[in-house]
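Asks: Sequence and predicted structure are below.
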Amino acid sequence: MKTLFVNANPVLFDDSPAFDSFLVEDGKIVETGLEAKLKKAMNPDGSPDSLVDLKGQPVIPGLVDSHIHLIAYAATKERNVALKGVASLDAMQKKIADFIKRKELEDGTWISGSGWNHDMFPVREMPSRHDLDAVSPHHPMKLLRMCYHICVVNTKALELAGINKDTQDPEGGRIDRDAEGNPTGILRETAMTLVDKAIPPLKDKEEMKELILAACEDLVSLGFTAVHTDDFGMTGDRQATLDAYMELDQEGKLPLDVVLQMITYEPNDFQFYLDHGLKTGKRFNRLVCGPIKILGDGSLGSRTSALKEPYSDDSSTSGFMLMSEAILDKMIHQAFDNGFDTAIHAIGDLTMETVLNIYAKYDDLVKSQGLKPAIIHSQIASAELLKLYKDLGVVANIQPIFTHSDWHIAEERVGPERLKYSYCWKTYREMGIPCVGSSDAPVESFNPYYNIYSAVTRKDLDGNPEGGWIPEEALSREEALKLFTLYPPMLTREVGEKGELKPGFAADFTVLSHHPYEVEADDLKTISAFATYKGGKKVYESPVFISITKE
């Protein structure tokens with residue numbers, strides 16, 4: 001069946017020819033042009049099989065978020081205490097207490113949550129176990145900092161996990177201690193796994209399916225037609241996680257493409273994916289196998305990202321990598337050797353240098369296999385590292401919205417010299433480094449219009465700082481939009497098939513409330529999705545658009 005979409009206001013790239021209508025058949029755009037001409041092309045008598053009036057609203061290619069944690073987002077929203085935006089320790093304590101009261105949680109029930117950021121507190125000190133004990137000594141608690149690389153737990157949680165003065169720091173992690181050597185309640189990186197073992201993990205497949213569908217509903221309501229998600233490390237059962245996604249795909253319930261980023265923490269983890277016949281690029285229906293994901297280091301906010309020189313605001317540490325270079329080399333090599341892309345979490349310049357050097361070591365293998373190695377986050381770099389990026393063609397998976405939180409702390413963490421090559425997305429693009437955009441939700445919101453706003457204005461969501469943070473690195477509106485439309489198909493080998501409103505491309509598109517090239521820059525964050533179409537089929541429509549179309 002042919003569907004003609006008329007009265008469109010397409011948002012075009014690179015001076016593409018204008019049109020006001022497009023014809024869709026079998027999930028693809030088959031022709032673009034003027035309404036009168038396309039109506040004649042539909043049937044001999046000019047009558048359409050189906051006609052959709054877009055009421056002159058802006059239309060963009062379907063949006064893609066190239067890195068989130070979908071199940072963690074849904075769990076945070078549905079099951080955990082949300083601490084994002086709390087502005088003080090007192091406010092954090094009150095929110096936890098209110099959560100316990102509202103949920104009527106019995107003593108002994110674990111409290112999980114995320115989103116606190118001590119850098120936003122009047123006194124910029126991390127909370128301790130004693131601060132949580134003051135809320136409730138009877139409910140074990142694990143509360144993740146917004147970066148997900150540090151948590152604070154209370155005394156009850158430490159007791160249940162068996163963490164005490166004599167517990168050794170695990171490789172790639174640290175237990176913060178007071179002057180007497182007792183744990184303060186702050187656990188960094190792999191030290192968090194010590195308490196995770198005491199928390200009942202999410203293992204129920206049906207509950208996972210409910211969470212996945214809830215998150216997908218939110219994604220399509222914002223205009224997304226594809227998402228890349230790292231979930232295998234967020235649950236307690238890899239098999240149940242894979243089964244949940246596979247069953248939803250087989251049942252036809254996924255409203256958008258879901259690309260699985262397959263995390264490995266050690267070389268042996270890789271075997272799970274091999275045993276299940278998964279491989280980068282393999283598509284089922286709307287479920288797609290993505291890269292092997294590896295965590296290289298931590299976060300800037302927690303000072304656990306690995307730097308070549310000490311932190312400017314704490315000379316006692318340079319952060320740390322989460323594994324040795326030899327182990328990282330082995331994991332990357334086994335991925336490449338088996339035809340998998342890789343996506344390595346790397347924030348600090350030491351980690352980026354290590355990863356890029358390993359990529360260079362296996363460049364011939366990468367090219368012979370046609371692979372697309374990537375680095376996720378890629379925040380603190382240098383001129384030399386960016387040149388290596390460009391020479392190797394490594395994909396930078398970046399999060400413009402990180403400037404929302406990080407502009408407050410980045411310079412004090414790394415100093416003005418290192419900052420010159422940090423968060424420098426315009427420099428990346430001008431050098432020809434391939435980039436895709438993402439949010440890392442639930443670390444930050446996956447609202448794509450927040451991300452585009454951040455890339456263009458270099459401001460936080462409150463409009464600060466005036467004039468933008470390092471404004472010379474601001475992206476044009478078109479470049480910002482391309483991060484979430486045109487560029488991501490390179491990761492799924494769908495360049496020339498998705499990401500543009502052209503004949504031969506998938507009819508994945510989003511109808512917007514406002515034109516992103518025409519609103520004031522500060523108003524980009526207020527844009528919303530009126531409707532989302534996947535393969536020419538509507539998967540979301542806002543009440544506002546429904547009322548417009550019925551006039």
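Replies: Now that the structure is in, tell me what you want to look at. Numbering: from 1, shown residues only.
Asks: what's the longest helix belonging to the chain packed up against?
Replies: Longest helix in the chain, counting residues (DSSP state H): helix 205-221. Other helices and strands packing on helix 205-221, by 3 or more Cβ pairs under 8 Å, 6 or more residues apart in numbering; DSSP states H and E, are helix 70-78, helix 238-250, strand 529-534, strand 537-541. Yep, even glycine has a C-beta here, placed from its N, CA and C like the rest.
Asks: For residue 403, find the nearest of these.
Replies: helix 70-78 (20.4 Å; Cβ to Cβ).
Asks: domains for this protein, by residue range?
Replies: Here the domain assignment for the chain is 2-56+504-549, 80-196, 296-475, based on automatic domain parsing.
Asks: Let me have those domains in TSV, extended by mean neighbour count, mean pLDDT and distance to residue 271.
Replies: Below are the domains of the chain laid out as TSV (neighbours: other Cβ atoms under 10 Å; pLDDT from 0 to 100; distance: least, Cβ to Cβ, whole Å):
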stretch	mean neighbour count	mean pLDDT	distance to residue 271
domain 2-56+504-549	17	91	34
domain 80-196	18	94	20
domain 296-475	20	96	10
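Asks: who wins for proximity to residue 254 among the ones you listed?
Replies: Short answer: domain 2-56+504-549, nearest of the domains of the chain by Cβ to Cβ, at 9.3 Å.
Asks: Endpoint to endpoint, the closest one covers what distance?
Replies: 20 Å (Cα to Cα, to the nearest Å).
Asks: Measure how far that domain is from the centre of its chain, please.
Replies: 27 Å (Cα atoms, centre = their mean, to the nearest Å).
Asks: the strands in the stretch 151-300 of the chain, which residues?
Replies: 173-177, 183-189, 224-230, 257-263, 287-295 (DSSP state E, counting those that start in this stretch).
Asks: Not counting the third one itself, show me its contacts.
Replies: The reference is to strand 224-230. Here strand 224-230 makes contact (Cβ atoms under 8 Å, 6 or more residues apart in numbering) with 62-71, 216, 219, 256-261, 263, 290, 293, 438, 446, 448, 488, 491-492, 498, 508-510, 532-534, 539.
Asks: swap the cut-off to 6 Å and go again
Replies: 62-70, 219, 256-259, 261, 263, 290, 293, 508, 534 (Cβ atoms under 6 Å, 6 or more residues apart in numbering).
Asks: Provide the strand pairings for that strand, with the direction of each partner.
Replies: The pairing partners recorded for strand 224-230 under DSSP bridges are strand 63-68 (parallel), strand 257-263 (parallel).
Asks: Go through the ones you listed and name the closest to residue 442.
Replies: Each of these has some distance to residue 442 by Cβ to Cβ; the shortest is strand 63-68, at 7.8 Å.
Asks: ends of stretch 451-467, how far apart?
Replies: With Cα to Cα as the measure, stretch 451-467 spans 17 Å from end to end.
Asks: Quick one: distance of it to the chain centre.
Replies: 18 Å.
Asks: can I get the strands paired with strand 224-230 in a markdown table with distance to residue 279?
Replies: Formatted as a markdown table, the strands paired with strand 224-230 follow (distance: least, Cβ to Cβ, whole Å):
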| stretch | distance to residue 279 |
| --- | --- |
| strand 63-68 | 19 |
| strand 257-263 | 10 |
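Asks: what ranges do the helices span in the stretch 251-400 of the chain?
Replies: With DSSP state H, counting those that start in this stretch as the criterion, the stretch 251-400 of the chain has helices at 270-275, 325-337, 349-361, 363-369, 383-392.
Asks: now the second one against helix 349-361, angle please.
Replies: For the pair helix 325-337 and helix 349-361, the angle between their directions (axes from the mean of the first three to the mean of the last three Cα atoms, to 10 degrees) equals 40 degrees.
Asks: So what touches helix 325-337?
Replies: Applying Cβ under 6 Å, 6+ apart, the contact partners of helix 325-337 are 264, 267, 270, 292, 294, 342, 354, 358, 362, 365.
Asks: wouldn't the fourth one be in contact with residue 342 here?
Replies: Yes. At 5.1 Å, residue 292 and residue 342 qualify as touching, with contact defined as Cβ atoms under 6 Å.
Asks: Nearest to residue 252 among the contacts of helix 325-337?
Replies: Nearest to residue 252, judged by Cβ to Cβ, of those is residue 292 at 27.8 Å.
Asks: Quick check: beta-bridge partners of the closest one?
Replies: Going by DSSP bridges, residue 292 forms beta bridges with residue 262, residue 342.
Asks: quick one, what contacts it?
Replies: 262, 264, 335, 340, 342.
Asks: would CSV of those with distance to residue 29 be doable?
Replies: Below are those laid out as CSV (distance: Cβ to Cβ, whole Å):
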residue, distance to residue 29
262, 31
264, 38
335, 35
340, 31
342, 33
